[in-house]
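Visitor: Structure for the following, please:
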Amino acid sequence: MRRTTRFRQLVEAPEILVMPGVHDALGARIAEQAGFAAITCGGYSSTATLLGQPDTSQLSLSELADHYTRLSDAVEIPVFGDGDTGFGNVTNVRRTVRAYERAGLAGMFIEDQTFPKRCGHMPGKGVIGAEEMLGKIKAALDARHDPDMVIMARTDALATHGLEEALERAVLYRDAGADMIFVEALETPEDMRRVCKAVPGPVMASIIDGGKTPNLSAAECQEIGFAVMTNALAPTYVYAKAMQDYYAHFRRTGSSKGWEQQLIPFDQFNALVGLAALRKREEDELEFARRLARRRRKPPEAAE
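Guide: Numbers count the residues shown, from 1 in each chain. Coordinates of the predicted model:
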């Protein structure tokens, strides 16, 4: 089954899809091995990982597409990506969708922020007109080759125009054909419930530790009515805190001694990244070559 088809099934299933965030290929493999059915990687974590910078439209389309290619290559499960504002107008949106589809993504979203955008939980956002965003949604839907690739529309209008405008845009974007809707930075469970009731289709909840949205569990999000729930930034925060602590220890002691409980052992890490399977594949391919070479060296049968 194509990963796009599988992802669409997961989004449309009665049970909520719990989709953890990752920020690199190693994290993608770890999430897959933990048993998650799909993963996501947004511009916030991608910018932090690739540039060590905040999420303020600093990554280009080609940089993000290349990043998503590596994530998709690392796992078999669906990967959901961040198309930001589409990197321009409707023409740029079409190119973004084509690039992300080639990268192997099972789904992606575009948002109605003005460029340069910023993290949805940061102040100072602006949004484009709803009509312009509707054109971007149509461009995204028309550009995909695989109709099962999920296109989600995100609105940030709550912060700039209030909940009623955000609700109106959410319904408009769904009516325009968006497969899933995301209203960014909802602040109360009541507002979250209103969005889910208003939108005739799947809605995603995004939980950010320290952000504006209540830190609800997956079960609580499902009870409210969400089809998908993610806490996309937590793994990046976990990584940053762990590395701060480790580097402080290493700077202080000059050794990793005393840190053994926080380290994955050498052999376990090799197993995590698939070293044994890689070596077996190499040996199988070499054995195939050896057999072929032996057949070529075998003398022809003597003529009778």
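
Visitor: can I see the domain layout of the chain?
Guide: 3-232, 264-297 (automatic domain parsing).

Visitor: Could you dump those into TSV and include mean pLDDT and mean neighbour count?
Guide: No exception for glycine: its C-beta is placed from N, CA and C like everyone else's. Below are these laid out as TSV (pLDDT from 0 to 100; neighbours: other Cβ atoms under 10 Å):
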stretch	mean pLDDT	mean neighbour count
domain 3-232	96	19
domain 264-297	90	10
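
Visitor: Any chance of a markdown table for those domains, columns distance to residue 245?
Guide: What follows is the domains of the chain, written out as a markdown table (distance: least, Cβ to Cβ, whole Å):
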| stretch | distance to residue 245 |
| --- | --- |
| domain 3-232 | 17 |
| domain 264-297 | 16 |
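
Visitor: So which of those is nearest residue 252?
Guide: Residue 252 sits nearest to domain 264-297 of all the domains of the chain, at 22.0 Å, using Cβ to Cβ.

Visitor: how far is the closest one from where the chain is centred?
Guide: Computed by Cα atoms, centre = their mean, to the nearest Å, the separation of domain 264-297 from the middle of its chain amounts to 31 Å.

Visitor: what's the nearest residue to the residue nearest the centre of the chain if we skip its chain neighbours?
Guide: The centroid of the chain falls nearest to residue 40 when counting by Cα atoms, centre = their mean (2.2 Å). Computed as Cβ to Cβ, 6 or more residues apart in numbering, the closest residue to residue 40 that is not its neighbour in sequence is residue 80, at 4.2 Å.

Visitor: Quickly find the element holding the one you found.
Guide: Using DSSP states H and E, residue 80 maps to strand 79-82.

Visitor: Does anything pack onto the helix or strand just after that strand? Which helices or strands?
Guide: Counting by DSSP H and E, the element after strand 79-82 in chain order, helix or strand, is helix 90-102. With contacts taken as 3 or more Cβ pairs under 8 Å, 6 or more residues apart in numbering; DSSP states H and E, helix 90-102 sits against helix 61-74, strand 107-111, helix 130-143.

Visitor: In a markdown table, list those along with distance to residue 31.
Guide: Below are the helices and strands packed on helix 90-102 laid out as a markdown table (distance: least, Cβ to Cβ, whole Å):
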| stretch | distance to residue 31 |
| --- | --- |
| helix 61-74 | 10 |
| strand 107-111 | 16 |
| helix 130-143 | 26 |
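
Visitor: of all those, which lies closest to residue 170?
Guide: Here helix 130-143 is closest among these (Cβ to Cβ), at 10.4 Å.

Visitor: For this structure, just list every one of the helices.
Guide: 3-12, 25-33, 43-51, 61-74, 90-102, 130-143, 157-161, 163-175, 189-198, 218-224, 234-253, 266-272, 275-297 (DSSP state H).
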